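> what shape does this take:
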Amino acid sequence: MRRVPLVAASLLLMFVPAVSHPIQLHWSSGADTLTFTEATRAILVVRADSAEVTLPPEWRLMWVGDSTEVGVVALDSLQVCAGDTAEVYGVDGPATPEDSTAHRVTAHFCSGGSSASSQATYLLDLPAWGRGKCKVVALDPADSTSVIESNEVTFNGGVDGSYAPAVLRAYVMHPGAGLSVTAIGAGLAGTSTMSLAPADTSWRLPLALSERSANRAVATAYLGIPMPGCYLDVAGESDMRSSAALLAETPLAPMAPVGSSAKFVPAYGIMQPKDFAFYYQRQLGIFHVFYIVNNQVIAHEPGYGADSTEKCIGHAWSTDLQNWHSMDSILTVRSDKWDNFHIWAPTIVQKDLQFKLFYTGVQRDSLRNPIQRIGLATADATLPFDSLKTWTRRDSVVFSCGQVPWANKNTSDYQGRQFRDPFVMADPDSSQAHS
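Predicted coordinates for the structure are as follows:
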């Protein structure tokens, strides 16, 4: 019979313990084995190894069994919060897809008094003839990089098989573009993959494993933007999973003024940088400017003036706003697309792990009439050493007169053919940028 993990419960007590000692686990009879043939409601006891110490503030109950019908029972909070033994007063369902895969729920405990309890109990509904084993793991309150574990208890003889990985703590180091994510927990020696993803799974960033042991796994990636709020997903043996929430990195405060001596002189010769977009790539400490390249020297088309030379978006970067490095152009006109005449008015925004650069593309038809619409190019924030050099452009328009109710839609006259100068910003009521 296939063995699957049943329930892994993150248990939060209401008190802060003063000391930490190993955890003991047993059934209410005092034994570490339990035998039954009918559906049973059993009491599992978690306690510190001495009456003088207290339990950790949070621990994980890990299960392996041959059935998924084990349930944690919540009691009336008015009844369970009065005694010295902490009991379950609430149970939360899975918070992430990984929690669902691992059948993980969160049980909340409380007890009477003003100090943390030395003992807690679960009331468990066990299925008839069900077999399994469980243990408790927790972070050492005196050392958040150390894990303490209980003894193992079984019911109906137990089962073989490994426990699902349990991530008790996760933290990030991101001093530059190099991202390092560390998971502390139990069962991590068999870690096969680690990745980052938001709760809505709209993106996923795979991480490269660099270290793993029973209680620690480390993985790395390139990320040239502040890390968004997300979950760390850890996959172990047989694709059993665990996850931990990671908070979004706090952006740094704006830089102090650098004076009035900063200047930007493009390397294209005598030319004029026009409409521009500015972006600070905080993880690399690089300022980027994207601008219309208007060449004042080359011959321009009669009737259009110097505007006819605006065929690309230029790109330059600086670390101090005074010394600039010109890059190759990132977007140029495409003779066979809707932006075959001009590239104008860039605006840039970051959404999740991607940069989005909106721009005005100008198309000239057979009658030499300009049609202005908005296009989109994207760059990957996880592409090592790229630094916003590689952009993927959509072949079709993303916004035009015909898509909004307030614009002139008469394409036979000039006003109905002009829809330009995009500006995009993050929604102030959301942590995500809207596109």
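
> show me where this structure has helices.
The residue ranges that make up the helices of the chain, judged by DSSP state H, are 77-80, 97-101.

> which of these comes out lowest on mean pLDDT?
In terms of mean pLDDT, the lowest-scoring of the helices of the chain is helix 97-101 (a mean of 64).

> who touches L44 in this structure?
Residues near L44 by C-beta atoms under 8 Å, 6 or more residues apart in numbering: L25, H26, W27, S28, L61, T121, Y122, L124, C134, V153. All C-beta atoms are positioned from the backbone trio N, CA, C, and that covers glycine.

> mind picking the one among those residues that's closest to D429?
For the contacts of L44, the residue nearest D429 by C-beta to C-beta is L61; the value is 38.7 Å.

> what bridges to that closest one?
With DSSP bridges as the criterion, the beta-bridge partners of L61 are A9, V136.

> most widely separated two among the contacts of L44?
Between all members of these, the longest pairwise span (C-beta to C-beta) is found for S28 and L61 and amounts to 15.5 Å.

> which one's more surrounded, the two?
Using other C-beta atoms under 10 Å, the more surrounded residue of S28 and L61 is L61, with 25 against 12.

> pLDDT score for the more buried one?
85.

> for the stretch 101-250 of the chain, which segments are assigned as strands?
Along the stretch 101-250 of the chain, the segments classed as strands by DSSP state E, counting those that start in this stretch run 104-110, 119-126, 132-140, 143-149, 153-155, 166-173, 178-186, 193-197, 205-212, 216-222, 230-235, 241-246.

> mind giving me the ChimeraX command for buried ones among the contacts of L44?
Selecting just the buried residues from these in ChimeraX takes one command, with 16 or more other C-beta atoms under 10 Å as the test:
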select :25,26,27,61,121,122,124,134,153
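
> ok, the contacts of L44 vs A86, which is closest?
Scanning these for proximity to A86, where the rule is C-beta to C-beta, the winner is T121, at 7.5 Å.

> check contacts around the closest one.
For T121, the set of contacting residues under the criterion of C-beta under 8 Å, 6+ apart consists of S28, I43, L44, V45, V46, T85, A86, E87, V88.

> the closest residue to P384 other than its chain neighbours - how many residues pack around it?
Of all residues not flanking P384 in the chain, Y222 sits nearest, at 4.0 Å (C-beta to C-beta, 6 or more residues apart in numbering). The burial metric for Y222, expressed as a neighbour count using other C-beta under 10 Å, is 18.

> same question for P175.
When neighbours are defined as other C-beta under 10 Å, P175 has 8 of them.

> cool, A39 as well?
A total of 12 residues lie near A39 under the criterion other C-beta under 10 Å.

> any idea which of the contacts of L44 is closest to V289?
Looking at the contacts of L44 and their distance to V289, the nearest is L61, at 54.3 Å (C-beta to C-beta).

> ok, back up a step: list the beta-bridge partners for the residue nearest to P384.
When bridges are taken as DSSP bridges, the partners of Y222 come out as G178.

> on that earlier part again, which one of the strands of the stretch 101-250 of the chain lies closest to L75?
Ranking the strands of the stretch 101-250 of the chain by their distance to L75 (criterion: C-beta to C-beta) puts strand 119-126 first, at 6.8 Å.

> got the angle between that closest one and strand 132-140?
If you take axes from the mean of the first three to the mean of the last three C-alpha atoms, to 10 degrees, strand 119-126 sits at 150 degrees to strand 132-140.

> could you chop this protein up by domain?
Using automatic domain parsing, the domain parsing of the chain gives 8-163, 167-246, 271-417.

> nearest to V424, of those?
When these are compared by C-beta to C-beta, domain 271-417 sits nearest V424, at 4.7 Å.

> so how far is the closest one from its chain's centroid?
Using C-alpha atoms, centre = their mean, to the nearest Å, the distance from the centre of domain 271-417 to the centre of the chain it belongs to is 29 Å.
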